[in-house]
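*Asks:* Structure for the following, please:
(one chain, ligands or ions: 1)
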Amino acid sequence: MKAIIILLTVLLAGCGPKFKFNSPAYIDSAFRPYVACFKANYPDVSGKLGITFGSEDEATGRCNKYMPNKKRDIVINPFDWSISSAVRREFIIFHEMGHCVMYIGGHDDDTFNYMNSNTPIGETILEHREQLYLDFFGEDYELCDLSFDEAT
Ligand SMILES: [Zn+2]
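*Replies:* From the prediction side, this is the model:
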């Protein structure tokens, strides 16, 4: 009996990373309102998605996809986030959700859109925000009220 318990303990310990892999993904509270804005326009956020702050030395944002269980992680540069306005933060999250949720693989740097890899300044985004929504979500888009975020 003791041998069985030890064996079970070893087996469970060996599955540790797998259990963690399948645990509900964590979305940092800073990003949750932006995820809600995205979901209001694109409800099909299936599978497990985590969004956390990463390193200040990396890109503004990054989408990691882990197949085959559809787990995805978005990692956001905390410094870029701290200096960004609410509409720029929205741009950053929507861009990465474009990769991780809509499965848009590449970038479109020829036009002004959420999948442009050059994150513009907030004023430029604000000026074209409705067009950005229209191009990304279609004509039934619901523009998000960003007053929850005091960043300007
Ligand atoms: Zn990208």
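*Asks:* now the helices for this structure?
*Replies:* Using DSSP state H, the helices of the chain run over residues 2-14, 16-21, 32-41, 78-82, 86-100, 122-137.
*Asks:* Can you dump the C-alpha atoms of the longest one in PDB for me?
*Replies:* Think helix 122-137. Provided in PDB are the C-alpha atoms of helix 122-137 (Å, rounded to 0.1, in the frame of the first residue of the first chain):
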ATOM      1  CA  GLY A 122      -2.400  58.000 -28.900                       C
ATOM      2  CA  GLU A 123      -3.500  61.100 -30.800                       C
ATOM      3  CA  THR A 124      -3.200  59.400 -34.100                       C
ATOM      4  CA  ILE A 125      -5.200  56.400 -32.800                       C
ATOM      5  CA  LEU A 126      -7.900  58.700 -31.400                       C
ATOM      6  CA  GLU A 127      -8.200  60.400 -34.800                       C
ATOM      7  CA  HIS A 128      -8.800  57.200 -36.600                       C
ATOM      8  CA  ARG A 129     -10.400  55.000 -33.900                       C
ATOM      9  CA  GLU A 130     -13.800  54.500 -35.400                       C
ATOM     10  CA  GLN A 131     -12.200  53.400 -38.700                       C
ATOM     11  CA  LEU A 132      -9.900  51.100 -36.900                       C
ATOM     12  CA  TYR A 133     -12.900  49.400 -35.200                       C
ATOM     13  CA  LEU A 134     -14.800  49.200 -38.500                       C
ATOM     14  CA  ASP A 135     -11.900  47.600 -40.300                       C
ATOM     15  CA  PHE A 136     -11.200  45.200 -37.400                       C
ATOM     16  CA  PHE A 137     -14.700  44.100 -36.300                       C
END
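*Asks:* Next, the buried residues of it.
*Replies:* 122, 125, 129, 132-133, 135-137 (16 or more other C-beta atoms under 10 Å). Yep, even glycine has a C-beta here, placed from its N, CA and C like the rest.
*Asks:* contacting residues for Met102?
*Replies:* Tyr42 (C-beta atoms under 8 Å, 6 or more residues apart in numbering).
*Asks:* from now on call the first residue 681
*Replies:* OK, 681 is where the count begins now, so the last one is Met782.
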